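*Asks:* Attaching a predicted model along with its sequence, questions to come.
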Amino acid sequence: MNLEYCIMGKQESDNIITTRTNFHVDSETDGRDVWLDLVEDGRLTELKTARATTLQSASCVCITTTVESKSIKASEFVLAWHMPEIKFGLGQKIYSKWYTRLFDKATLTGSTLCIYAMKNRIKWEDAIAKWQQPILDDT
């Protein structure tokens, strides 16, 4: 079964997005090198070897921006896990996940799902609020 995790940050005119697409994580290293990189200048530095070499690899995204004194600023991130098929019966029966019906399966990736979520988040939040409101109003 294919499984892909994807994390993205939303690009705005006043932010900088940096990534580390692969770093080794285990009980001895605990990601310390990533934190040291981040503390240095508030950004992540991509390593030259960005290909996962072990099952214990990780990725991260950083958004760097300036927040004026006494103000608030928000940054948007989205996470998706893309596993388009699931196997049952010792792998003999393969089913496509329901969400795959909404996309072109030939080009569907975790990035596709993240971009779709970024574009539709507000509409989904509004629909959820509308769906919940009758229950919240029923006192």
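*Replies:* Arrived safely, thanks for sending. Every value quoted in this text rests on a predicted model; they were computed, and no experiment measured them.
*Asks:* thinking Cys114 is in contact with Lys10, fair?
*Replies:* No: taking contacts as CB atoms under 8 Å, Cys114 lies outside contact range of Lys10: 9.8 Å. Any C-beta I mention is one placed from the backbone N, CA and C, and that applies to glycine too.
*Asks:* shared neighbours, the two?
*Replies:* Val78 (CB atoms under 8 Å, 6 or more residues apart in numbering).
*Asks:* Give me the more crowded residue out of the two.
*Replies:* Neighbours per residue (other CB atoms under 10 Å) separate Cys114 from Lys10, with Cys114 holding more: 20 against 15.
*Asks:* now for the helix or strand where the more buried one lies, which elements pack on it?
*Replies:* Secondary-structure assignment from DSSP states H and E places Cys114 in helix 110-137. Applying 3 or more CB pairs under 8 Å, 6 or more residues apart in numbering; DSSP states H and E, one finds that helix 110-137 contacts strand 4-9, strand 77-82.
*Asks:* how about it: buried residues?
*Replies:* 110, 113-114, 116-118 (16 or more other CB atoms under 10 Å).
*Asks:* what residue of the protein is the furthest out?
*Replies:* No residue in the chain sits farther from the centre than Thr139, which is 37.4 Å out by CA atoms, centre = their mean.
*Asks:* ok, it to Val61 distance?
*Replies:* For Thr139, the distance to Val61 (CB to CB, to the nearest Å) stands at 42 Å.
*Asks:* and what of Lys130?
*Replies:* Going from Lys130 to Val61 by CB to CB gives 31 Å.
*Asks:* One more: Ser111?
*Replies:* Going from Ser111 to Val61 by CB to CB gives 12 Å.
*Asks:* Mind listing the shared neighbours of these two?
*Replies:* Taking CB under 8 Å, 6+ apart as the contact rule, the neighbours common to Ser111 and Val61 are Met8.
*Asks:* JSON lines for the helices and strands packed on helix 110-137, including mean pLDDT, distance to Leu38 and mean neighbour count?
*Replies:* Formatted as JSON lines, these follow (pLDDT from 0 to 100; distance: least, CB to CB, whole Å; neighbours: other CB atoms under 10 Å):
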{"stretch": "strand 4-9", "mean pLDDT": "93", "distance to Leu38": "14", "mean neighbour count": "17"}
{"stretch": "strand 77-82", "mean pLDDT": "95", "distance to Leu38": "15", "mean neighbour count": "16"}
